[in-house]
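Novice: Here's my sequence, what's the structure:
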Amino acid sequence: MDIAIITGASSGIGEHILRKIITERGAYGSLPFEEIWIIARNGEKLQTLKSELDNRRIRPFVLDLSLPESLNELSEALRVENPNIGLLVNCAGVGYTGATESLETNQIRNTVMLNCSALSEMVSICLPYMIPTGDSCPYAMGPRILNIASSAGFMPQPNFAAYAASKSFVISFSRALHAELRVHNISSTTVCPGPVATDFLSHGNASDASFSGIKKFFVVRPDRVANKSIEAARKGRAVLVYGLSQKLFHVASKILPTSILLFFAQRLTARKSNPPSTASVATAPSPTQSNTESETSSAITVTSDTAQKIIDSTVKSSPKRTDTRTLSSDHSDVKPLSLHNIATEMVIDKDTPSASSETASRGISTAQISNTLPDNLATSISASAILNRFPGKGA
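Specialist: This next block holds a predicted model:
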């Protein structure tokens, strides 16, 4: 039995590829596909496509490929049927817009699991059912792998960091496959479109499912990308960069330094990065704050109080100091590098002839101070002493 497998077939480019190959004749081994296995999470849409296009030949699989058990289920189905796979289309993907700090951990995990892990595992699962066919036919008629990547993978993308990185993986992985599998008359085609008019973003961002900034001027139709992708796969091309604007972008990403591209990208995008979220050390965290934020705030408060007590006990005897600081009730005078400043004041005082003699006259040694401090503060003291002795250039 000769079959094709399409992931992400319920919408977008995957759906249009399905609509195209359902009528294919004389391609991929000169046989029409006896079955087309379509995979997506939306079971209702898969059943609709099956009823509309071909009830007999289309076989839907309602699977979430980011879950290992879904891949195991597909692998078991292949083992039972033992088909010849003439075409594998990896179109399933997800992306979340926004600064990385604003994304939840599971959103980043889903991006990597679906865009990277699931795609590469699909290739691994399907190859044993493709290689025998490829070995028995010429390259022009051999099996094909079609991996839908993105022009976002050409360079880092602020506010789209995990998605762009995942597509960079797809590009590299797919191009390596193309070189590896040539000996088996199998080609792996990487498709790199720009923004495509699909419901892709709505899967990742329910409240914001539109392209913004300069990207909205380069949105293309999914049916055209699907047609060009099938044509490129049939010819055995390694890479398809769809659209003139994306071709120019591809060339620019190879010529210009990444720093320059990022400079323009951050100014052309309409979506500004969200400012880093900071937790006040004096205010109790709100119910919406994460446990990590709460623990961090508590740790900062304790460390600051401990350091202040040490300052109070060691600095009072110094005639040079008349501005002994106290923490206000809202801790507004706690500076980001307060631990470094505290360590410098305690161990190395540039106003005194000898830091070691001063600490000795107070009856407190550096070792004794280190033993009474948390590990991170003790480390800062040692580091400050070294930096004061060896300040380096520009000190």
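Novice: now the helices: where do they sit in the stretch 101-250 of the chain?
Specialist: Under the criterion DSSP state H, counting those that start in this stretch, the stretch 101-250 of the chain contains helices at 105-112, 119-126, 131-135, 161-180, 200-204, 222-235, 244-255.
Novice: which secondary structure elements does the third one contact?
Specialist: Secondary structure elements in contact with helix 131-135, counted by 3 or more CB pairs under 8 Å, 6 or more residues apart in numbering; DSSP states H and E, are strand 84-90. For glycine as for every other residue, the C-beta is placed from the backbone atoms N, C-alpha and C.
Novice: what inclination does the strand it packs on have with respect to helix 119-126?
Specialist: Angle, strand 84-90 to helix 119-126, by axes from the mean of the first three to the mean of the last three CA atoms, to 10 degrees: 180 degrees.
Novice: and strand 84-90, what other elements does it pack with?
Specialist: So strand 84-90, by 3+ CB pairs under 8 Å, 6+ apart, packs with strand 2-7, helix 12-21, helix 119-126, helix 131-135, strand 144-148.
Novice: Mean neighbour count, these: which tops it?
Specialist: Stretch with highest mean neighbour count among the helices and strands packed on strand 84-90: strand 144-148 (a mean of 26; mean count of other CB atoms under 10 Å).
Novice: For it, give me every contacting residue.
Specialist: Among residues not part of strand 144-148, those counted as contacts by CB atoms under 8 Å, 6 or more residues apart in numbering are 8, 13-14, 17, 28, 86-91, 93, 119, 123, 126, 130, 170, 173-174, 177, 181, 186-191, 193, 229-230, 233-234, 236.
Novice: Let me have the helices and strands packed on strand 84-90 in TSV, extended by mean pLDDT.
Specialist: TSV is the format used below for the helices and strands packed on strand 84-90 (pLDDT from 0 to 100):
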stretch	mean pLDDT
strand 2-7	94
helix 12-21	93
helix 119-126	97
helix 131-135	93
strand 144-148	96
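Novice: Nearest to residue 57, out of the ones you listed?
Specialist: strand 2-7 (9.2 Å; CB to CB).
Novice: got the angle between that closest one and helix 119-126?
Specialist: Using the same axes, to 10 degrees, strand 2-7 lies at 160 degrees relative to helix 119-126.
Novice: strands paired with strand 2-7, and their directions?
Specialist: strand 35-40 (parallel), strand 84-90 (parallel) (DSSP bridges).
Novice: Let me see the contact set for residue 51.
Specialist: Applying CB under 8 Å, 6+ apart, no residues contact residue 51.
Novice: coming back round to it: restricted to buried residues, select the contacts of strand 144-148 in PyMOL.
Specialist: Typed into PyMOL, the next command selects the buried ones out of these (criterion: 16 or more other CB atoms under 10 Å):
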select buried, resi 8+13+14+17+28+86+87+88+89+90+91+93+119+123+126+130+170+173+174+177+181+186+187+188+189+190+191+193+229+230+233+234+236
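Novice: circling back: could the helices and strands packed on strand 84-90 be laid out in a markdown table, adding distance to residue 71?
Specialist: Formatted as a markdown table, the helices and strands packed on strand 84-90 follow (distance: least, CB to CB, whole Å):
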| stretch | distance to residue 71 |
| --- | --- |
| strand 2-7 | 11 |
| helix 12-21 | 17 |
| helix 119-126 | 5 |
| helix 131-135 | 19 |
| strand 144-148 | 16 |
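Novice: Of the ones you listed, which is nearest residue 253?
Specialist: Closest among the helices and strands packed on strand 84-90, using CB to CB: strand 144-148, at 18.6 Å.
Novice: low pLDDT regions in the chain?
Specialist: When residues are selected by pLDDT under 70, those of the chain lie in 25-31, 198-218, 268-395.
Novice: What residue spans form the domains of the protein?
Specialist: 2-268, 291-389 (automatic domain parsing).
Novice: ok so, going back, make JSON lines out of the strands paired with strand 2-7 and add distance to residue 240.
Specialist: Shown next, in JSON lines, are these (distance: least, CB to CB, whole Å):
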{"stretch": "strand 35-40", "distance to residue 240": "21"}
{"stretch": "strand 84-90", "distance to residue 240": "13"}
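Novice: what's the closest of those strands to residue 48?
Specialist: Within the strands paired with strand 2-7, the stretch nearest residue 48 is strand 35-40; the backing value is 11.1 Å (CB to CB).
Novice: And the next helix or strand past the closest one?
Specialist: Counting by DSSP states H and E, the next helix or strand C-terminal to strand 35-40 is helix 43-53.
Novice: ok, back up a step: quick one: the helices of the stretch 101-250 of the chain as TSV, columns for distance to residue 66 too.
Specialist: Rendered in TSV, the data for those read as follows (distance: least, CB to CB, whole Å):
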stretch	distance to residue 66
helix 105-112	6
helix 119-126	11
helix 131-135	26
helix 161-180	12
helix 200-204	12
helix 222-235	22
helix 244-255	27
